[in-house]
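**Q** here's a sequence, model it:
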Amino acid sequence: MLKKWLICLGLGGVLLGGLSGCAASNSAMATREIPSSARVFVEVRQDTIMASGVKDDVAGKLKENLLATRQGVPVNSRETADLVIEVDVLDVNFTHAIKWEWNVYDSSGAVVLAKADTSAFGASGEAIATQVVSALGEIDTMAYSGGATPAVRVAAKPAQSSTGEFPQSNTDGSNSWAVVIGIENYRESLPAASGAERDARAFADLVQKTLNVPEANIKVLTGERASKADISAALFEWLPRNAVQKGGRVYVFFSGHGAPDVENGTSFLVPYDGNPTYIRSGGIQVAEVQGALSNLKGQDAYLFLDSCFSGTGDRSVLPEGTRPLVPVKELEGGSVFTFTASGARETTGAHPESGHGLFTHYLLDGMKGLADSNKDGNVNVSELKGFVVDNVKVEARRQNREQTPSLLVPASKSGAAVVQGLQP
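**A** Just a heads-up that it's a prediction; the model follows:
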């Protein structure tokens, strides 16, 4: 349950509490109103554990920056506002992270801006408020003054692709198949895996445009269509029935939450309807996926996992009441190329500019050709591993944490080319 705090941002200070307190500042704001500026009502909500105490800092910085940038005049009534800013500051279940989400609505109730972010190690109210005010610069607030609702509403800017368009290549994908999964929001009360569905869409584009897999051979499962039944049907029935021609390839990509079995550390993927409390029955064991892929005769199988299984970080969850001290098992690759976003005891994170998971960002860049260190037009597994691991490690340390992707390669395939004949 969230505690609601109505924050009236007046020129004389921040008033917390009921509407009567906000009303006291009406005259001051009226006499100093910025001409033609939108009237802005702000509501900040927080839960009561790790996020407690952050609201005061958020309010103070919002007051300072909103008025300094002249993006709007704070008012104390939602009914009289041209724009409404709602900010939620939340604990991320079962981790040490804090998440903040904010939406901006016009007077008709339509969303004109929507954002979210997560910090694995908490965040100051000042940092949160600065991001909110900075994001507000993406819309012309003055266009909404007087209750106007512009015909073309401006939503959040789409995240940039990691390096632009996907290049063509001579990779033979005629007998290849792909299952691409991205789950951002879950049915259960789990934190969002921000950017996971964007990751999946981008990887599906790469598979079709660069790896030349026919569109009919690609199954993309996102959101509610990525339940355990949906994923199981694609991996354990659809692929075995179709990936049968010798010399073919199979690509499986998953972006979303992972979870460990708290008793033995076994790694599971969390489907849309999964619950970490009942992960053995509701999750999909990674080893089971690897086993199914290894049973595909005459296929080179690639498994890419932008998840972590430590129970901490942006893309891992634990059952309620447990702590992230699970002895997570290292994955074993067997006959499947298995590329994971982090080590067993590490956390995953996002790229600050592209909006993709950090692992996915550099995976896409590498397969587009940036990993081609010898410039022969091919990207082999060693080049891809070196490029992704080096870049993810550097960027993760900039974020004050450790993240080291892992690539498990079948012994007989150490020199395999993932992408062949990249076109300039």
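**Q** show me where pLDDT drops low in the protein?
**A** 1-36, 47-56, 59, 90-100, 115-124, 149-164, 309-334, 344-347 (pLDDT under 70).
**Q** for it, just list every one of the helices.
**A** 19-23, 26-31, 54-68, 125-136, 196-209, 228-233, 239-242, 279-282, 286-294, 358-365, 381-398 (DSSP state H).
**Q** gap between the fifth one and the chain center?
**A** Offset of helix 196-209 from its chain centre (C-alpha atoms, centre = their mean, to the nearest Å): 14 Å.
**Q** quick one: contacts of that helix?
**A** 159, 161-162, 166-168, 173, 176, 178, 180-184, 213-215, 218, 220-223, 251, 253, 255-256, 304, 306, 315, 355-357, 360, 363-364, 367-368 (C-beta atoms under 8 Å, 6 or more residues apart in numbering). Where C-beta positions appear, they are placed from N, C-alpha and C, glycine not excepted.
**Q** change it to 6 Å
**A** Contact with helix 196-209 is made by 166, 178, 180, 182-184, 213, 215, 218, 220, 222, 251, 253, 255-256, 306, 355-357, 360, 364, as judged by C-beta atoms under 6 Å, 6 or more residues apart in numbering.
**Q** tell me the buried residues in it?
**A** 196, 197, 198, 199, 200, 202, 203, 204, 205, 206, 207, 208 (16 or more other C-beta atoms under 10 Å).
**Q** let me know the closest of these to residue 102.
**A** Proximity of the buried residues of helix 196-209 to residue 102 (C-beta to C-beta) peaks at residue 198, which lies at 18.7 Å.
**Q** against residue 279, how distant is the closest one?
**A** 25 Å (C-beta to C-beta, to the nearest Å).
**Q** residue 296 now?
**A** Relative to residue 279, and taking C-beta to C-beta, residue 296 is found at 26 Å.
**Q** could you list the domains of the chain?
**A** As recorded under automatic domain parsing, the domains making up the chain are 3-147, 177-419.
**Q** sorry, back to before: what would the helices of the chain look like in CSV with distance to residue 423?
**A** Below are the helices of the chain laid out as CSV (distance: least, C-beta to C-beta, whole Å):
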stretch, distance to residue 423
helix 19-23, 61
helix 26-31, 60
helix 54-68, 47
helix 125-136, 38
helix 196-209, 11
helix 228-233, 33
helix 239-242, 28
helix 279-282, 44
helix 286-294, 29
helix 358-365, 16
helix 381-398, 17
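**Q** of these, which is nearest residue 407?
**A** Nearest of these (C-beta to C-beta): helix 381-398, 4.1 Å.
**Q** chain center to that closest one: distance?
**A** The answer for helix 381-398 is 19 Å, by C-alpha atoms, centre = their mean.
**Q** buried stuff in it?
**A** For helix 381-398, by 16+ other C-beta under 10 Å, it's 381, 383, 384, 385, 387, 388, 389, 391, 392, 395, 396.
**Q** so which of those residues comes closest to residue 67?
**A** residue 395 (34.8 Å).
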